[in-house]
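Colleague: Model the following, please.
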Amino acid sequence: MRYAIGIDLGGTNIAAGLVDEGYRIVARRSVKTNPPRSAEALCQDMAGLCAGLAAQAGLALQDISGVGVGTAGLVWNGEIETASNLGLHHAPIARLLRGLTGLPVYLENDANAAVFGEYIAGSGSACHSMVLMTIGTGIGTGMVLEGRIYAGFNGAAAELGHTILVPAGRPCSCSKRGCFETYCSATGLAVSAREAMAAHPESQLWALCEGEAARVRAQTVFIAGEMGDAVAAAVLEQYLDYLAIGVANTINLLQPEVFCIGGGVSMQGDALLLPLRQRVEALSFAGSNGLRTRLVLASLGNDAGIIGAAMLGIMGQRPAGAAKAYPDGNYMDKEKAL
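Modeller: Predicted coordinates for the structure are as follows:
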C-alpha cells in the first residue's frame, strides 16, 4: 500500500491527511495558520504535521511517497507567487518543505487540488473533463480537461470569479469592478440581501438576523426564502440568474463532461441545484448529438483538497518522458496514478 500526504494550506487552518492509494484519508491532523507568518515558519508546521501523520499510522516518514500542498493564491514552479490571505509573496514552499521532510513536494493552487480530488475520487470519478466551482467567501475554480489539470501557460487559468458579470458593478478585491465573485460568492449573496433589506423593513430577514443586517449570511437568505419571504425570494432569483450566467458561459466555452459545485453554498443541496440546472440548461449550448454537461454537487466536501493534493504527491513523480508538472500548466491524468 502506498501513501501520500495532502495538505490544505488555508488562511485559518493548515489541515493535513495521510491518504492511501484507494483515496481514503487514514489519518488527519491540523494546526492554526496564524498569518501573517514567514514561509519558513509555515513549512516548519507542515513538516511537523507530516511527521505526526506518519507516526500516527505507524509509518516512517520515508515510507511516504510524497507530499502535495494546496494553497490559496497564485502558484508557479513550486512557489506561492502571491497569497494575500497568507501574507506571502514569492515563497518557495516546495523547496523549503522538501528540505525539512526529505520527501518530494508538489505545490498547487487549492482550487486545482480540490478539482483533482473530485475528479479522481468524487463527483467526477467517471469522467474525463470537469470544472469545479467552490462558492464560499469568494469563488474558486479548477479545471481538469482531457484528464489533466489545466492551469494555463502562466498558472493563472480558471479565475471564473474574476470574469466580469456586471460592467462597472461592485468593486472587487482584484481592483476591477463587477466581477462574478462580487455577486455570486456567499459574500456577494449576503451583500445583495443587505441591499434589499435596506429598502424592505418588513422582510423576515431582519428577524432572522435579530435586527442586525451585518449578521446576514448566505444561508440566512435561503432560510428566509423557504419561509416564503418575498424579499429573500427575489434576492435568490437574481442570485440564481447571475450564477447561471457564469456557469453556462463556462460550459459554452469548455463543454466539460461535469460541472461540479462545492463550497459552503453547495450545502443548500437541491434548493440551489434544481433551479440552477433549469437556468443553465436554458442558457447553455449543446451539440446535435444531445450530449450535455452534467451539473452536480461536490461529494467530497473539505476532503477534496486534501485527497487531490495527496494524489499529486504520488502522481507528481512522473515517469521519464511524461509532461512536466511545471511550468507548462498541465498535470497528470488519473490513468497514470498508481
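
Colleague: Now stretch 239-252: average pLDDT?
Modeller: Over the span of stretch 239-252, the pLDDT mean works out to 98.

Colleague: list the buried ones in it?
Modeller: 239-240, 242-251 (16 or more other C-beta atoms under 10 Å). From N, CA and C alone the C-beta is placed, and that goes for glycine too.

Colleague: One more: stretch 16-29?
Modeller: 16-19, 23, 25, 27, 29.

Colleague: Can you name the two of those residues that sit furthest apart?
Modeller: Spanning the widest gap among the buried residues of stretch 16-29 are Tyr23 and Arg29, at 18.4 Å by C-beta to C-beta.

Colleague: just the helices in the stretch 51-200 of the chain please.
Modeller: For the stretch 51-200 of the chain, applying DSSP state H, counting those that start in this stretch gives helices covering 93-101, 110-121, 180-184, 186-199.

Colleague: So what touches the first one?
Modeller: Read that as helix 93-101. Residues outside helix 93-101 that contact it (C-beta atoms under 8 Å, 6 or more residues apart in numbering) are 9, 39-40, 42-44, 46-47, 50-51, 61, 67, 69, 71, 78-80, 104-107.

Colleague: Let me know the distance separating Met1 from Gln204.
Modeller: 53 Å (C-beta to C-beta, to the nearest Å).

Colleague: swap in Gly58?
Modeller: Counting by C-beta to C-beta - Gly58 and Gln204 are separated by 54 Å.

Colleague: rewinding a little: right, so the helices of the stretch 51-200 of the chain: which one is the most enclosed?
Modeller: A comparison of the helices of the stretch 51-200 of the chain by mean neighbour count, using mean count of other C-beta atoms under 10 Å, puts helix 110-121 on top with a mean of 29.

Colleague: Tell me where the chain is predicted with low confidence.
Modeller: Scanning the chain for pLDDT under 70 picks out 316-338.

Colleague: domains of it?
Modeller: For the chain, automatic domain parsing gives the domain ranges 3-117+301-336, 126-297.

Colleague: Highest mean neighbour count out of the ones you listed?
Modeller: Counting by mean count of other C-beta under 10 Å, the most buried of the domains of the chain turns out to be domain 3-117+301-336, with a mean of 20.

Colleague: can you pull the contacts of the spatially most distant residue from the centre of the chain?
Modeller: Distance from the C-alpha centroid of the chain, by C-alpha atoms, centre = their mean, peaks at Glu202 (36.5 Å). By C-beta under 8 Å, 6+ apart, Glu202 lies in contact with Val231.

Colleague: So it, which state does it fall into?
Modeller: State at Glu202, reduced to three classes by DSSP: H, G, I helix; E, B strand; the rest coil: coil.

Colleague: gap between it and Val191?
Modeller: 20 Å.

Colleague: Next step: the buried residues of stretch 16-29 restricted to strands.
Modeller: 16-19, 25, 27, 29 (DSSP state E).

Colleague: Which member of those is positioned nearest Gln268?
Modeller: Distances from Gln268 to those, taken by C-beta to C-beta, are shortest for Ile25, at 25.1 Å.

Colleague: Would you confirm that Cys174 contacts Ile164?
Modeller: No. Contact criterion C-beta atoms under 8 Å: Cys174 and Ile164 do not qualify, at 10.7 Å.

Colleague: Against which helices or strands is the longest helix anywhere in the chain packed?
Modeller: If you go by DSSP state H, the chain has its longest helix at helix 230-254. Packing contacts for helix 230-254, counted by 3 or more C-beta pairs under 8 Å, 6 or more residues apart in numbering; DSSP states H and E, involve strand 130-135, strand 139-145, helix 180-184, helix 186-199, helix 218-226, strand 258-262, helix 270-283.

Colleague: Dump those to CSV, plus distance to Ala94.
Modeller: Shown next, in CSV, are the helices and strands packed on helix 230-254 (distance: least, C-beta to C-beta, whole Å):
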stretch, distance to Ala94
strand 130-135, 23
strand 139-145, 19
helix 180-184, 28
helix 186-199, 31
helix 218-226, 35
strand 258-262, 25
helix 270-283, 36
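
Colleague: which residues does the spatially most central residue of the chain contact?
Modeller: Centroid-nearest residue in the chain: Ala111, 3.4 Å away (criterion: C-alpha atoms, centre = their mean). Ala111 sits next to 132, 134, 140-142, 158 when contact means C-beta under 8 Å, 6+ apart.
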